[in-house]
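# Following is a predicted model, sequence given first.
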Number of protein chains: 2
Amino acid sequence: MDMQTRTTINGLDKQQMMDTIAAIQGQPALAQFRFRARNRWVSGGENRSSIRDFYGAGAEDSSRTEAFEFTNGEPPVLLGHNEGANPVEYLLHALAGCVTTTLVLHAAARGIEIRELSTELEGDIDLHGLLGLDEGVVPGYREIRIGLHVKADCPDEELDALIEYAKAHSPVCNTVCRPVPVALRRV
Amino acid sequence: MDMQTRTTINGLDKQQMMDTIAAIQGQPALAQFRFRARNRWVSGGENRSSIRDFYGAGAEDSSRTEAFEFTNGEPPVLLGHNEGANPVEYLLHALAGCVTTTLVLHAAARGIEIRELSTELEGDIDLHGLLGLDEGVVPGYREIRIGLHVKADCPDEELDALIEYAKAHSPVCNTVCRPVPVALRRV
């Protein structure tokens, strides 16, 4: 047995996982996180976000030497020039990533080794909502469907229980499937 | 008056905007869009999405010559190596971009010229939810706050009405502040 096999599972450090859980159980305030983004409009449907700092585990994080930068854009059919993916597509990326990471994390906690994991997402939007052409049409996604391909070293029923648990505990999935207040104010 | 001033507002083509509205009013099915993302797990908290095709305006889009690729990661305090922004941060980017684009679009429709627009977002997450340490704690954002700096050629009361309208019609904002079903199945 090599060192890698003994100390990590699914690419996660077992000892660090256990230490994190123990630290939060001993001091619940360590579990409070505040994430942030700054965005600047460029023109039309193009705008850019900068993401770097956040608060968590009792301190401001200083691990990132530079900011992550992302560009929102729109395709020509939505009046843009494909400057970037559009915001509703970025939301699918966020949801895919969160369900994946939550699943991998709880698989590790259960001692289940994940061999492969990929997802395909799709969601429907009726532009009558965004455009204000029909106030009876909800502007957001009507529903989002995720197809999940996964290979793991456990029986199918354990895998299905794990998937259900990941869905119920994923932060982005719970921000989408539950109503989360958005406070918007001019500053 | 130069040609640019006459044919665009806020970087959007006025004629294309009016044509889009007229087309949807004449043929409501053109407003149905289906967006997609594909994601693949790499290791631990790292996974990557590919976004390219979507259905909208009555056809599969073919305007993108290559896919947009994004990497989710986690900071060390969340067991990662800063391989990318994390999923809950990407969600803030999506929300910032959608509120911005919705505001710019409806400003244009009202003939309001936006000179500057930037946003700062923050949201709180209690890791007891994600980790399953307290089933009474919601895993998602508790609330998301957006501070919006905007300069426009209209009175403040018109600006406040525009901001309220943008919030009510933004697809990502409405996916966050309303409950949207997420269907997850193994394929």
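Right, received. Where do you want to start?

# Buried residues in stretch A:44-59, which are they?
Within stretch A:44-59, the residues that qualify as buried are A:Gly44, A:Gly45, A:Glu46, A:Asn47, A:Arg48, A:Ser49, A:Ser50, A:Ile51, A:Arg52, A:Phe54, A:Gly56, A:Ala57, counting by 16 or more other CB atoms under 10 Å in any protein chain shown. Every C-beta, even on glycine, is put in place using the N, C-alpha and C of the backbone.

# Domain ranges for chain A, per the record?
Split into domains by automatic domain parsing, chain A comes to A:1-28, A:32-84, A:85-179.

# Any idea how far apart the tips of the longest one sit?
Just to be clear, that refers to domain A:85-179. 25 Å (CA to CA, to the nearest Å).

# out of the buried residues of stretch A:44-59, which one sits closest to B:Ile125?
The closest of the buried residues of stretch A:44-59 to B:Ile125 turns out to be A:Gly56 (CB to CB; 8.5 Å).

# got the contact list for the closest one?
Residues in contact with A:Gly56 (CB atoms under 8 Å, 6 or more residues apart in numbering or on different chains) are A:Gln32, A:Phe33, A:Arg34, B:Val77, B:Leu78, B:Leu127.

# likewise A:Gly147?
A:Thr119, A:Glu120, A:Leu121, B:Arg185, B:Arg186, B:Val187.

# Closest to B:Arg110 out of these?
A:Leu121 (33.9 Å).

# Give me the buried positions along the helix or strand hosting that closest one.
Per DSSP states H and E, A:Leu121 falls inside strand A:114-126. Within strand A:114-126, the residues scored as buried using 16+ other CB under 10 Å are A:Ile114, A:Leu117, A:Ser118, A:Thr119, A:Glu120, A:Leu121, A:Glu122, A:Gly123, A:Ile125, A:Asp126.

# Is the last one in contact with B:Leu30, as I believe?
It refers to A:Asp126. No: applying CB atoms under 8 Å, one finds A:Asp126 not in contact with B:Leu30, separated by 10.4 Å.

# before we move on, the earlier item: in strands, which of the contacts of A:Gly56 appear?
Among the contacts of A:Gly56, the members falling in strands (DSSP state E) are A:Gln32, A:Phe33, A:Arg34.

# Of those, just the buried ones, ChimeraX syntax please.
The ChimeraX selection below is limited to those of those classed as buried (16+ other CB under 10 Å):
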select /A:32,33
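
# just to revisit the earlier point, ok, the buried residues of strand A:114-126 vs B:Leu133, which is closest?
Nearest member of the buried residues of strand A:114-126 to B:Leu133, counting by CB to CB, is A:Ile114, at 21.8 Å.

# residues touching that closest one, list them.
A:Ile114 touches A:Asn10, A:Leu103, A:Val104, A:Ala107, A:Val150, A:Lys151, A:Ala152, B:Trp41, counting by CB under 8 Å, 6+ apart.

# Where does the prediction get shaky in chain A?
A:1-6 (pLDDT under 70).

# which residue ranges form the helices in it?
A:3-7, A:14-26, A:87-109, A:127-131, A:156-169, A:171-177 (DSSP state H).

# Pick the most buried one from the ones you listed.
helix A:87-109 (a mean of 28; mean count of other CB atoms under 10 Å in any protein chain shown).

# hmm, it touching chain B?
Yes: using CB under 8 Å from any CB of the partner chain, helix A:87-109 comes into contact with chain B via A:87-102, A:104-106.

# Tell me how far A:Pro75 lies from chain B.
Going from A:Pro75 to chain B by CB to the nearest CB, to the nearest Å gives 5 Å.

# Let me know how buried that residue is, in neighbour terms.
21 (other CB atoms under 10 Å in any protein chain shown).

# Quick check, it in contact with B:Thr65.
No: counting by CB under 8 Å, B:Thr65 is not a contact partner of A:Pro75; they are 11.7 Å apart.
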